[in-house]
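In: the amino acid sequence is not available; the structure is as follows:
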């Protein structure tokens, strides 16, 4: 089955700096990769996703890149703000896969 | 608010008691998922429904757990004879299946935090 690893587990950045979170997956058939942000006491909220027919997707300060050959994808947040502080989860699934497999999460702290 | 809703938000129970959680998906979403999340971990899949049919169950879902989705709308997750190891956040998500694949975007509710004393 699919296995998703995520690094780093914690990340602290200064406000205004960039943050990068990386995930690797094991199933080469996986072709959908969402990123979720989870704030304390709340459910995960989708922030961006990418499908395997594209290599990069951007939405304002957030971007995701995908390298299918190496089986890894990354979340990039530019011009970080204190409200970006949260736990971020990546996930992977294939078209006819069993279910979403989530990474263990990255706790991002943006220091003012 | 047209997002996924879950009730109750918090539940404290004694070991051995039964508990039931409810999830109301986004209107017209035909798929509904249940996940369990323990502290410091990502959500783990428990089960999912396509309309009213329960199509898949994880090995995490012991026989003390049962889920239903009558009429393909809201869903309930019941845990019988709760154990302390059941303490976790129980998340519900819904999605709209358009193509029969499993890569439709899932939208999560706020979760129900269960504490078993």
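Out: Yep, it's here. Bear in mind the structure is a predicted one, so any value in this text is a computation, not a measurement.
In: burial count for the residue of chain A found nearest chain B?
Out: Residue of chain A nearest chain B, by C-beta to the nearest C-beta: residue A:102 (3.2 Å). C-betas here are computed from N, CA, C, even on glycine. Burial of residue A:102 is recorded as 24 neighbouring residues (other C-beta atoms under 10 Å in any protein chain shown).
In: check contacts around the closest residue to it other than its chain neighbours.
Out: Leaving out its chain neighbours, the residue that sits closest to residue A:102 by C-beta to C-beta, 6 or more residues apart in numbering or on different chains is residue B:42, at 3.2 Å. For residue B:42, the contact set (C-beta atoms under 8 Å, 6 or more residues apart in numbering or on different chains) comprises A:89, A:91, A:102-105.
In: spell out which parts of chain B neighbour chain A.
Out: Residues of chain B lying near chain A by C-beta under 8 Å from any C-beta of the partner chain: B:4, B:6, B:33, B:40-45, B:48, B:56, B:58, B:91, B:101-103, B:105-111.
In: among the residues you listed, which are in strands?
Out: B:6, B:33, B:44-45, B:48, B:56, B:91, B:107-108 (DSSP state E).
In: need these in CSV with pLDDT, distance to residue B:20 and neighbour count, can you?
Out: Formatted as CSV, these follow (pLDDT from 0 to 100; distance: C-beta to C-beta, whole Å; neighbours: other C-beta atoms under 10 Å in any protein chain shown):
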residue, pLDDT, distance to residue B:20, neighbour count
B:6, 97, 12, 21
B:33, 94, 17, 26
B:44, 93, 20, 17
B:45, 91, 20, 21
B:48, 91, 18, 27
B:56, 85, 21, 16
B:91, 97, 16, 25
B:107, 93, 22, 21
B:108, 95, 20, 23
